[in-house]
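A.B. asks: Output the structure for:
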Amino acid sequence: MREVLQSKIHKANVTEANVNYVGSITIDEALMEKIDLWEGQKVLVVSNTSGARLETYTLKGQRGSGVICMNGAAAHLIKKGEEIIIISFAFSPVPIEPKCILVNKENQFVKYL
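C.D. replies: Below you'll find the model as predicted:
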């Protein structure tokens, strides 16, 4: 069994950062569906802006809103306006075809990568 790339949202823009929330990352529900990401699933978030990397879990945001919100302590590491990559992994005994997407500045789907 190996841990392999399951999905990725590339070049997302952080629209909000809320340090007063308990924790997690809120992601537009439509984007989560495009890459088969579940609410509560663990993700790695990498900032192309600051180089910060962190693990957290997902929450569904309003469908079509383009919301990408860093919540809780994560909001101290990755701030509003930063460009990020959101990555999920899966355990599999065989190679899998990851679902990777590119989004525009408003976090709307552009294309599969």
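
A.B. asks: Just give me the residue closest to the centre of the protein.
C.D. replies: I86 (3.2 Å; Cα atoms, centre = their mean).

A.B. asks: Now do the buried residues in the lengthiest strand in the chain.
C.D. replies: Among the segments of the chain that qualify as a strand by DSSP state E, the longest is strand 2-13. Going by neighbour count (16 or more other Cβ atoms under 10 Å), the buried part of strand 2-13 is Q6, S7, K8, I9, H10, A12, N13. Where C-beta positions appear, they are placed from N, C-alpha and C, glycine not excepted.

A.B. asks: How about the fourth one: what's its closest non-neighbour residue?
C.D. replies: Of all residues not flanking I9 in the chain, I86 sits nearest, at 4.3 Å (Cβ to Cβ, 6 or more residues apart in numbering).

A.B. asks: give the contact list for the one you found.
C.D. replies: Under the criterion of Cβ atoms under 8 Å, 6 or more residues apart in numbering, the contact list for I86 reads K8, I9, A12, I25, I27, V43, L44, V45, I68.

A.B. asks: Now with 10 Å, please.
C.D. replies: In this structure, I86 makes contact with 7-10, 12, 25, 27, 31-32, 35, 37, 43-46, 56, 58, 68, 101, 103, judged by Cβ atoms under 10 Å, 6 or more residues apart in numbering.

A.B. asks: Fine by me, thanks again.
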